[in-house]
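[1] return a 3D structure for these sequence lines:
(chains A and B)
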2 protein chains.
Amino acid sequence: MELLKQKILKEGKALGNNIVKVDSFLNHQIDVNLLQSIGKEFHKRFEDDNITKILTIEASGIAIATVTALYFNVPVVFAKKTESLNLDEDVYTHKVFSYTKDRYYDIKVSKKYLDEKDNVLIIDDFLAKGQAALGLYNIVKQSKAKVKGIGIVVEKGFQDGRELLLEKGIKLESLAIVKKIQEGKIIF
Amino acid sequence: MELLKQKILKEGKALGNNIVKVDSFLNHQIDVNLLQSIGKEFHKRFEDDNITKILTIEASGIAIATVTALYFNVPVVFAKKTESLNLDEDVYTHKVFSYTKDRYYDIKVSKKYLDEKDNVLIIDDFLAKGQAALGLYNIVKQSKAKVKGIGIVVEKGFQDGRELLLEKGIKLESLAIVKKIQEGKIIF
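    So this is what the prediction gives:
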């Protein structure tokens, strides 16, 4: 998606060899016009998959998934990461390792909001080592719903997330794939 | 907002005398059509306030703030609650007590995304004792931007959040105000 790549080149920042910072428009401050273009693009790529629900994970997936859901006209469900006194006890759960935060956490989705009749599109901001995406995939599997695809805004193509997802036979669409970070420059 | 109240009566659940659960359409699963009506309503109530930025807090404020921002055509900024290795160190920060989670946490916003030229609309899903809203108000004050108002989806009118915000002279708009919970029933 050319518009997104231009935005990443203009406003994104490379830290070291590994981190792509996009917090000026995607995951701290959010450019809602760009988000509409992203939502339309995901809709174009998955419109024939009879999507009934969009699943993401808090926090930075929520804005992207919500605007995308407007184009599919389906509900969003976001997996919770933290313990909350108000969350149902009857949940699908899976343990996920976050390399960004350097710890394990449980992701949880109430059993009320996913079932075997659902065709699920998983949406997230980043794909790196694939742990969050695989966690969400596992949650959908527990519910007996179908994973119709995974839509990612920025993929770090130099890590092994893609390979792990393709092994599961999942349709994966990334709107921008960073091939490498070289001398502070992001290269697609 | 009648549509919202009807939805709360139909799908919301009262737990004890204090908790209003709306996780089937607002803060776990999200009804994006309802969210569009909410966004339009906030726009109607604040359209003359020259809003340049919408500020919310992760996680359940994000979807509401993002769809609302589409109607104002301004960026969203969401305050972060947790430590992240990727967040700037140059942040506005404030300590907030969560009654839901029964602990203090720090909320943080990068200094890059709020400044004295901004007219800020604060958006959140719930107002109860006002701690999150006051935390966001404090963050905006640190940035020298103007707080033009606070938009809340569900206010618990039987708690003192409203009073604390009005003391600061803030324009507060709540789309549904729960007067009390009586024998398992939500009363507006």
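[2] residue A:139 touches residue A:111, doesn't it?
    No - contact status for residue A:139 versus residue A:111: not in contact, 10.2 Å apart, counting by C-beta atoms under 8 Å. From N, CA and C alone the C-beta is placed, and that goes for glycine too.
[3] those two: who's more crowded?
    residue A:139 (26 against 13; other C-beta atoms under 10 Å in any protein chain shown).
[4] the more buried one: what's it in contact with?
    A:55, A:79, A:92-94, A:107, A:109, A:114 (C-beta atoms under 8 Å, 6 or more residues apart in numbering or on different chains).
[5] still on that earlier bit, common neighbours of residue A:139 and residue A:111, please.
    Contacts common to residue A:139 and residue A:111, judged by C-beta under 8 Å, 6+ apart, are residue A:92.
[6] how about the contacts of residue A:139, which pair is most distant?
    With C-beta to C-beta as the measure, no two of those lie farther apart than A:55 and A:93, at 14.0 Å.
[7] listing partners with orientation, what would you give for the lengthiest strand in chain A?
    Of all segments of type strand in chain A, defined using DSSP state E, the longest is strand A:146-156. In the sheet, strand A:146-156 lines up against strand A:119-127 (parallel), strand A:172-178 (parallel) (DSSP bridges).
[8] reformat those strands as CSV; add mean neighbour count and mean pLDDT.
    As requested, the strands paired with strand A:146-156 are arranged in CSV below (neighbours: other C-beta atoms under 10 Å in any protein chain shown; pLDDT from 0 to 100):
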stretch, mean neighbour count, mean pLDDT
strand A:119-127, 24, 98
strand A:172-178, 19, 98
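[9] with distance to residue B:44 added, can I get those in a markdown table?
    Converted to a markdown table, the strands paired with strand A:146-156 look like this (distance: least, C-beta to C-beta, whole Å):
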| stretch | distance to residue B:44 |
| --- | --- |
| strand A:119-127 | 29 |
| strand A:172-178 | 33 |
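[10] which residue, neighbours along the chain excluded, lies closest to residue A:164?
    For residue A:164, the nearest residue in space outside its immediate sequence neighbours is residue A:130; the separation is 4.4 Å by C-beta to C-beta, 6 or more residues apart in numbering or on different chains.
[11] what is the burial count for the one you found?
    Residue A:130 has 24 neighbouring residues, counting by other C-beta under 10 Å.
[12] just the element for residue A:34, please.
    Using DSSP states H and E, residue A:34 maps to helix A:32-46.
[13] just want the angle from the next helix-or-strand element following that helix to strand A:119-127.
    Remark: after helix A:32-46, the chain's next helix or strand is strand A:53-57, criterion DSSP H and E. Relative orientation of strand A:53-57 versus strand A:119-127 (axes from the mean of the first three to the mean of the last three C-alpha atoms, to 10 degrees): 30 degrees.
[14] thought residue A:124 was touching residue A:26, still the case?
    No - contact between residue A:26 and residue A:124 fails when scored by C-beta under 8 Å: they sit 11.2 Å apart.
[15] need the residues touching each of those two.
    With C-beta under 8 Å, 6+ apart, residue A:26 and residue A:124 have common neighbours A:64, A:153.
[16] distance check, the nearest residue to residue A:118 once chain neighbours are set aside against residue A:137.
    Nearest residue to residue A:118, sequence neighbours excluded (C-beta to C-beta, 6+ apart): residue A:145, at 3.7 Å. When distance is defined by C-beta to C-beta, to the nearest Å, residue A:145 is 11 Å away from residue A:137.
[17] now residue A:166
    When C-beta to C-beta is the yardstick, residue A:166 and residue A:137 sit 12 Å from each other.
[18] more crowded one of the two?
    Under the neighbour definition other C-beta under 10 Å, residue A:166 and residue A:137 were set side by side, and residue A:137 has more, 21 against 12.
[19] ok, now which ones touch the more buried one?
    With contact taken as C-beta under 8 Å, 6+ apart, residue A:137 is in contact with A:122, A:147, A:150, A:165, A:168, A:170.
[20] pull the most distant pair out of the residues you listed.
    Taking every pair in the contacts of residue A:137 and measuring C-beta to C-beta, the maximum separation is 11.4 Å, between A:122 and A:168.
[21] helix, strand, or coil at residue A:67?
    helix (DSSP: H, G, I helix; E, B strand; the rest coil).
[22] my read: it touches residue A:35, true?
    Yes - the criterion here is C-beta under 8 Å, and residue A:67 meets it with residue A:35 at 4.5 Å.
[23] now do the shared contacts for the two.
    Contacts common to residue A:67 and residue A:35, judged by C-beta under 8 Å, 6+ apart, are residue B:66.
[24] between the two, which one's more packed in?
    residue A:67 (27 against 23).
[25] how confident was the prediction at that one?
    Per-residue pLDDT puts residue A:67 at 98.
[26] dump the residue contacts of the residue nearest the centre of chain A.
    Within chain A, one residue has its C-alpha closest to the average C-alpha position: by C-alpha atoms, centre = their mean, that is residue A:124, at 1.1 Å. Under the criterion of C-beta under 8 Å, 6+ apart, the contact list for residue A:124 reads A:56-57, A:61, A:64, A:132-133, A:136, A:150-153.
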